[in-house]
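**Student:** pasting the structure only:
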């Protein structure tokens, strides 16, 4: 992989990471409702699932899933339903005084981040459709995927951290009086992300 190809991938990844999608909306919702540590944990969960997608891409399994309309549809609806479920829980659930940075909350945000991104077929489409454009057939493919994967994770962590910082700042400005409304705003983000995911097509 040439330096020019790697830089082009990083530039494209940077732009795509800042476009709000299910991952961004989920991280925003957690950071708005719970604060910085759960927000970062949610981002870590997203990146953990992405690392799994890169591993699938290296073995060719991701291409099989995307090529199968049935598997793609099941994955899409599972992700959409889960996002809407989380969003409705935040919209209509009671605001609890659970400490924002408690270990239980942080672990929950991490796990939900893995599940949200793991059930997002758009991520699979991205890796299967775009990665080959930056792979040089004459060079070791797995090594190139590892380089691109590490670069993608670093870039996306930075992008998600920016969203967490913005959400936490908004949370600080709003104060504790608006904890309930902020939680409902986060729930609305998740419902919107689920609806958006539900209309995703495999091609």
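**Tutor:** Structure's in. What do you need? Treat the numbers as computed from the prediction; the structure is a model and nothing was measured.
**Student:** following the lengthiest helix in the chain, which helix or strand comes up?
**Tutor:** In the chain, assigned by DSSP state H, the helix with the most residues is helix 141-174. Next helix or strand after helix 141-174 toward the C-terminus (DSSP states H and E): helix 179-198.
**Student:** centroid-nearest residue for this protein?
**Tutor:** residue 23 (2.7 Å; Cα atoms, centre = their mean).
**Student:** got a pLDDT number for that residue?
**Tutor:** We have a pLDDT of 83 for residue 23.
**Student:** how about residue 76?
**Tutor:** 75.
**Student:** residue 164: what's it in contact with?
**Tutor:** The contact partners of residue 164, by Cβ atoms under 8 Å, 6 or more residues apart in numbering, come to 27-28, 31, 36, 39-40, 43. Glycine gets a C-beta too; all of them are placed from N, C-alpha and C.
**Student:** mind checking how far it is from residue 106?
**Tutor:** Using Cβ to Cβ, to the nearest Å, residue 164 is found at 13 Å from residue 106.
**Student:** any idea of the angle the longest helix of the chain forms with helix 179-198?
**Tutor:** 150 degrees (axes from the mean of the first three to the mean of the last three Cα atoms, to 10 degrees).
**Student:** for this protein, what helix or strand is lowest in average pLDDT?
**Tutor:** helix 61-67 (a mean of 66; mean pLDDT, DSSP states H and E).
**Student:** just checking, residue 9 touches residue 151?
**Tutor:** Yes - using Cβ atoms under 8 Å, residue 9 is in contact with residue 151, at 6.8 Å.
**Student:** ok, of the contacts of residue 164, which one's closest to residue 185?
**Tutor:** Nearest to residue 185, judged by Cβ to Cβ, of these is residue 28 at 8.9 Å.
**Student:** what sits against that closest one?
**Tutor:** 20, 163-164, 166-167, 186, 189.
**Student:** could you look up the SS state of it?
**Tutor:** For residue 28, the secondary structure call by DSSP: H, G, I helix; E, B strand; the rest coil comes out as helix.
**Student:** that one and residue 34, how far apart?
**Tutor:** 11 Å.
**Student:** hmm, back to that, residue 9 and residue 151: which has the busier surroundings?
**Tutor:** Each of residue 9 and residue 151 has its neighbours counted (other Cβ atoms under 10 Å); residue 9 has more, 22 against 16.
**Student:** which residue comes closest to that one once chain neighbours are left out?
**Tutor:** Residue nearest to residue 9 in three dimensions, not counting chain neighbours: residue 134, with 4.7 Å by Cβ to Cβ, 6 or more residues apart in numbering.
**Student:** find me the pLDDT at that neighbour, would you?
**Tutor:** If you check residue 134, the pLDDT there is 80.
**Student:** what do you get for residue 88?
**Tutor:** For residue 88, the model assigns a pLDDT of 84.
**Student:** which helix or strand contains it?
**Tutor:** helix 69-92.
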